[in-house]
Structures are given as C-alpha cells and as structure tokens.
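>>> Sequence unavailable; structure follows:
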C-alpha cells in the first residue's frame, strides 16, 4: 500500500510541476494530464487497499449508543450493521449491562454520563434505548448538537415531551426514527392497501389487546435500600430528570416499566407497536376524547389497594377520533369478544393483536404488523405472509442510518416510516390513554371521610392546544415535574 501511495504521489508531483513551470500549457492540457493520473489511481480496487468488504471510514457513520444493554444492545448492533457504520462510544449507567457491547466494540469509549459523551466525542448519530423517563432529555440534547437520533418506543414519557421533540427535529433538520420496528413491516402496507380499496367498507371500531404487563405492576413502589446499590451503577444518572430517591432495588434494569415516574405501563410498552397499523391505514391524527376503566386489587376485603405511583395490572381504554373512529384497548391479558365472522373461520387471537371491524369485513393483525388477515363473508380468508421479510429491527434501523447518510429532506429520509413528524403525534395519541388511566386513579376525601374518584369520566382533548378541556386536574399528566438541572426548553 505504501509503494502504491508513493508511486501516485510522484506522478502527481510531476504533474503539478509541469503545470506551474510551463505557462504555455493550456488548462485543457493540464486537466487531460490530471485525468490520466486520476484514471490510473482509480483503477486500484478498494479491496486492494482495505481487503474484501472494506468500507471507507468516510462512508461510515460514527455512532454512539445511550443505553448499551438489553434492547440497547440490539439497537446499536443493528446500527453497526456488520460494519456498515462504526460504534465509537457507549454510554450506560451500568457497565455490566454494557459488557457485551464493549466486547463487540473494544475501540469504543465508555461513559456513564451521556452529557460528557456529547461534549467529548465526534459523532454523527445516536441510538437511545434507556428507560422511558430519560428519552426526551437525551434526545433533545443530542438533536440540539445536530445529531441524528434513533429512539426506542415510546418516543417520550409525556405528551409535552413528544411535541417538543417533533418541533426540535424540524428546527434542527436532523434525521430521526422511533424504534417501533413494525412500522417498516410490509404487513402494514398491505393493511393500508386493503383499507384504501374499500373492500372491508367503513372501519369505525378497532380493538387492540395485549398480555402485558409481564413484569410486576399494580404494586407499591419497592422499598429503598442504599446499602444494596451495586458499586459500579451510577444511580443518580439513572434517575436523571426524576425526583431524587435513594437506590431502590428491582427497578433497574427492567421493572421500572410498572411505575409512572419512570415508565408508561403496558400501553406505553406495546401501544406504539400495536396502534401503528390501524393508525396509519386509517390516516388518523389527534384524538378528541379518551376514557379508561382500571382493575382493582384487593389485599383485604372490601378495600381496594391504592397505589397511584404504579401502573395498574389491567385496563380498558377507549380513544375517540374525529369521524367516529374508536380504538378500544385492553391489557393484562383481557381480549375482546370475537365477531361471528372470525369464529366461523377458526380465528385464534394471539396474545397481542389488532382487529379492525369494517362494515363489509374484518382485518386482523398480529404484533409488529405481522400476519395480517382479511375476512370477508363468503370468501376464503386472505393471509399476507410477512415471514420472508427478514429481521424487522435491522430493516427499520438500517433505513434510518442510510437516511442519515443521504441527509435531511432526502428521498430516504422522506421514506422513513417512523420519523418524528409521524412518531411524535402518534406517541401523543398512545400516551392519551395513560392520561385517562392516571385520572382514573385520582381521588380526594369528602366530608364523610370517604373518597371521591373524580377523574373517572370521559375526558375531552384539544390536540393542538395539548389540553383536557373538561377536567383541569388531568392536565398535570400532559407534562411532569423535572429535577433541577434536567428541564429542557419549554417543558
């Protein structure tokens, strides 16, 4: 390689000397000589310089990962894409969680604090796969430095955060993607095709269900125990914008999902996967109303447990859209009753799924937009096979990295299925359900010493203004309190 370099260096030096010393040489002659030298240079195959499969550093993104274990490991691995890009920095509050990623990418620098990483590293893009309550601050800080971002679902912890990130992505002109990989499933395309064709008629009711939570939920917050803090876990950084709290076992690395200060419950976990197909296919926007009912837990007779800090074990939520479309969500393993058309065709619902009921037929979809089926009276059931697509996570993630390379506003960017222009308003819709669930848990004591649960009503929503219009107390859940130093922009 060195001899090749010096050979071409000599030829280029001679070429420059001739052009400068002979004033009679025309610019055309100089360019002809340059072209000849350039042609000689470019016939050297890239694999001669770097070996088979070599990708020039200039063709690779420099990527950092905020959250390097669990789902974070999968996201950074897909962004790396077998060497199409470089993982140059890893950030995690727990080195044990990041151990596999550090072994895979030994040259990547490790950080506990993402803010230090942003200050010190030269990067193009970030994957963010951390607890829900930290998504917004990390994403906002990265975008304000012009970094492209890939953020796990749900995009944010609150509706106000989702709105902020949507606006910031546009203002900063950065390429973004939310990690609901089913958005890139061809099954979603097929569902939209069926809806647009009118074959199932007018769809007004959509059932969505899941077996989540599959983690502890509907229970009191675990007791704090500072003595149990692992030596290398940066607990204060894990808390981030949440309130100061002594180390509490059984929250990190996964069970935080069941508590409102850190997670978004079953709806936040699976709603962005399951709502996507009907929300896209029906071309929906902001909802206009939401209502919830919540299962009670009785540890003693006649007195339900009261754990407002915890997401409930099971809920039913209805979300109303303009035009009369209603999404009905059930979790905790509660599934909807099946119409006769599905029973007659031996349909067996999966543990999570979607049922779109039209005036002429029914469409069902599994999780991540998989295996859509079309049911029409008197016809064979039409199955759309999604198994041959390959790794959806990789497809969804690599479409983002390629869009980052192509640039903001490129065709690749416009083709993304969950950029923040879509994912922001979509996440707001999912999190509307949580406002109704949390309002259902609100109570105050009356003059008789009993409790009035005053939030158990249908809530009307002004989407543009981000406000519940008929219960002011519920608007506290549109945003949240932030610990000093962690508030961003207008939150």
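Arrived safely. Computed from a predicted structure; not experimentally measured. Numbering: from 1, shown residues only.
>>> got the residue ranges for the strands in the stretch 201-350 of the chain?
Taking DSSP state E, counting those that start in this stretch to define them, one finds strands in the stretch 201-350 of the chain at 203-209, 289-294, 315-320, 326-330.
>>> To residue 398, which of those strands lies closest?
strand 203-209 (27.9 Å; C-beta to C-beta). From N, CA and C alone the C-beta is placed, and that goes for glycine too.
>>> what residues does the closest one touch?
195, 271, 274-275, 278, 282, 324-331, 334-336, 349, 352-359, 363 (C-beta atoms under 8 Å, 6 or more residues apart in numbering).
>>> Wasn't residue 88 part of a strand?
Yes: counting by DSSP: H, G, I helix; E, B strand; the rest coil, residue 88 is part of a strand.
>>> quick one, what contacts the nearest residue to it once chain neighbours are set aside?
Closest residue in space to residue 88, ignoring its immediate chain neighbours: residue 62 at 4.8 Å, by C-beta to C-beta, 6 or more residues apart in numbering. Under the criterion of C-beta under 8 Å, 6+ apart, the neighbours of residue 62 are 85-86, 88, 121-125.
>>> Take the strands of the stretch 201-350 of the chain and write them to a markdown table, including mean neighbour count and distance to residue 424.
Below are those laid out as a markdown table (neighbours: other C-beta atoms under 10 Å; distance: least, C-beta to C-beta, whole Å):
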| stretch | mean neighbour count | distance to residue 424 |
| --- | --- | --- |
| strand 203-209 | 21 | 20 |
| strand 289-294 | 21 | 18 |
| strand 315-320 | 22 | 17 |
| strand 326-330 | 21 | 18 |
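>>> Distance to residue 186 added to the ones you listed, as a markdown table?
Output for these, formatted as a markdown table (distance: least, C-beta to C-beta, whole Å):
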| stretch | distance to residue 186 |
| --- | --- |
| strand 203-209 | 20 |
| strand 289-294 | 31 |
| strand 315-320 | 26 |
| strand 326-330 | 23 |
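>>> want to throw the ones you listed into CSV with mean pLDDT?
Conversion of these to CSV gives the following (pLDDT from 0 to 100):
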stretch, mean pLDDT
strand 203-209, 98
strand 289-294, 98
strand 315-320, 98
strand 326-330, 98
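>>> isn't residue 266 right next to residue 333, touching?
No: with contacts counted by C-beta atoms under 8 Å, residue 266 stays clear of residue 333, the gap being 10.0 Å.
>>> quick one: which of those two has more around it?
residue 266 (31 against 16; other C-beta atoms under 10 Å).
>>> pLDDT below threshold where in this protein?
Applying pLDDT under 70 to the chain flags the ranges 1-54.
>>> thinking again about what came up before, any idea which of the strands of the stretch 201-350 of the chain gets closest to residue 371?
Of all the strands of the stretch 201-350 of the chain, strand 203-209 comes closest under C-beta to C-beta, at 15.4 Å.
>>> what angle do the closest one and strand 315-320 make?
160 degrees (axes from the mean of the first three to the mean of the last three C-alpha atoms, to 10 degrees).
>>> Tell me the strands beside strand 203-209, with direction?
strand 326-330 (parallel), strand 353-358 (antiparallel) (DSSP bridges).
>>> Any idea which of these gets closest to residue 449?
Counting by C-beta to C-beta, residue 449 lies closest to strand 326-330 out of the strands paired with strand 203-209; the figure is 33.9 Å.
>>> Please enumerate residues in contact with that closest one?
Against strand 326-330 from outside (C-beta under 8 Å, 6+ apart): 204-210, 267, 271, 275, 278, 314-321, 336, 433.
>>> now swap in stretch 103-121 and tell me
62, 64, 66, 76-77, 80, 87-93, 95, 98, 101-102, 138, 141-142, 145, 147, 234, 237.
>>> Any buried residues in it, and which?
Of all the residues in stretch 103-121, those buried under the rule 16 or more other C-beta atoms under 10 Å are 105, 108, 111-112, 114, 117-118, 121.
>>> returning to what we had before: take the strands paired with strand 203-209 and lay them out in CSV including distance to residue 286.
Below are those laid out as CSV (distance: least, C-beta to C-beta, whole Å):
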stretch, distance to residue 286
strand 326-330, 13
strand 353-358, 20
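>>> I'd like to know which of those lies nearest to residue 342.
Nearest to residue 342 among the strands paired with strand 203-209 is strand 353-358 (7.6 Å), distances taken as C-beta to C-beta.
>>> quick one: contacts of that closest one?
191, 195, 200-209, 274, 277-278, 281, 336, 338-339, 342, 349, 362-367.
>>> No more questions from me, cheers.
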